[in-house]
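> below is the sequence, then the predicted model.
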Amino acid sequence: MKTIDLNGKTALVTGGAGQLGREIVRGLAECGANVVISYNTSGEYANELKEEITKKYGVKAITVQADITSISSIEKMKAYIKSEFEHVDILVLNAVIQYVWATIIDQNPEDYESQFKSSIMQFVYMTKAFVPDMIENRSGRVIAINSECAMQAFAYQSAYVAGKRGLDGLMRVLAREVGEYNITVNEVAPGFTISDNCRNDGPEVSNRHQDWAYIDRVPLRRRGKDEDVANAVCFLASDMASFMTGVYLSVSGGNVMPCI
């Protein structure tokens, strides 16, 4: 039986100490990849995560602080990574700026700017910094974390949806631009996911009304777990997905279903 083998690969995860990021880091390390844990403000947790995965999986891991909305900060991060690793094979764009959702009428215009910066400009800056080495090596994986919200376009989601739908377009363009170099470019789109911030609420869901209302819409009748998202990332990072590019992969229990 084939297994996901990322031994000898180096993965960079932005937002690597965040709710989804930390499980993605663990998943990549379990598959054998060395990992760069990029963080903005969660340095203490990033270092704890580094110690955890190096001891548990025997991989090499480093942490690096960076503002993913700043090209100069990303260039500094790249220089540090190059001093520790030959190059980045797997680029996982997971970081996002959090904000309070409201209607378009009430949403602060600055929130649209923040989503543009953390979705669109993160993608542009990270591509410029790390994809040229992939082109030179004629190999690489670019994986962005999108969202089921990009397909739903529900009320109150406007700033988030604007950023994520823009990200989707950029990913598809890049997939066409770099495919000839054996670089795949894909997206993982989670639904309402259980992670550390709500794991203790119960084995599947909390008792909050909105959680049960959400599950009623999901064909699999449960919320996904951060591990489900990490599994999808690891699959797309592996040779098992070598002929898949330009994919928007929904990890939502069927809550959204991309269709022809």
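Cool, got the structure. Numbers count the residues shown, from 1 in each chain.
> parallel or antiparallel, which strands does the lengthiest strand in the chain pair with?
Assignment by DSSP state E gives strand 183-190 as the longest strand of the chain. Sheet pairing here is set by DSSP bridges, and for strand 183-190 it gives strand 140-145 (parallel), strand 248-251 (parallel).
> now the helices for the stretch 1-150 of the chain?
For the stretch 1-150 of the chain, the helices defined by DSSP state H, counting those that start in this stretch occupy 21-30, 43-57, 71-84, 109-115, 122-137, 149-152.
> low-scoring stretches of the chain, by residue?
Applying pLDDT under 70 to the chain flags residues 197-210.
> tell me which of the strands paired with strand 183-190 sits most buried.
The highest average neighbour count among those, using mean count of other Cβ atoms under 10 Å, belongs to strand 140-145 at a mean of 26. C-beta: built from backbone N, CA, C; applies to glycine.
> hmm, who's touching it?
Strand 140-145 is touched from outside by 20, 88-94, 96, 123, 127, 131, 133-134, 167, 171, 174, 178, 181-190, 229, 233, 236-237, with contacts defined as Cβ atoms under 8 Å, 6 or more residues apart in numbering.
> could you identify the buried members of these?
The neighbour-count test (16 or more other Cβ atoms under 10 Å) applied to the contacts of strand 140-145 identifies 20, 88-94, 96, 123, 127, 131, 133-134, 167, 171, 174, 178, 183-190, 229, 233, 236-237 as buried.
> correct me, but S195 touches E23?
Yes. Using Cβ atoms under 8 Å, S195 is in contact with E23, at 6.9 Å.
> higher neighbour count, those two?
Higher neighbour count among S195 and E23: E23, with 22 against 18, using other Cβ atoms under 10 Å.
> any idea how far the top helix by length along the chain is from the middle of the chain?
Ranked by residue count under DSSP state H, the longest helix found in the chain is helix 158-178. Distance, stretch centre to chain centre, for helix 158-178: 13 Å (Cα atoms, centre = their mean, to the nearest Å).
> and it, what's buried?
If you call a residue buried by 16+ other Cβ under 10 Å, then helix 158-178 has these buried ones: 158-168, 170-172, 174-175, 178.
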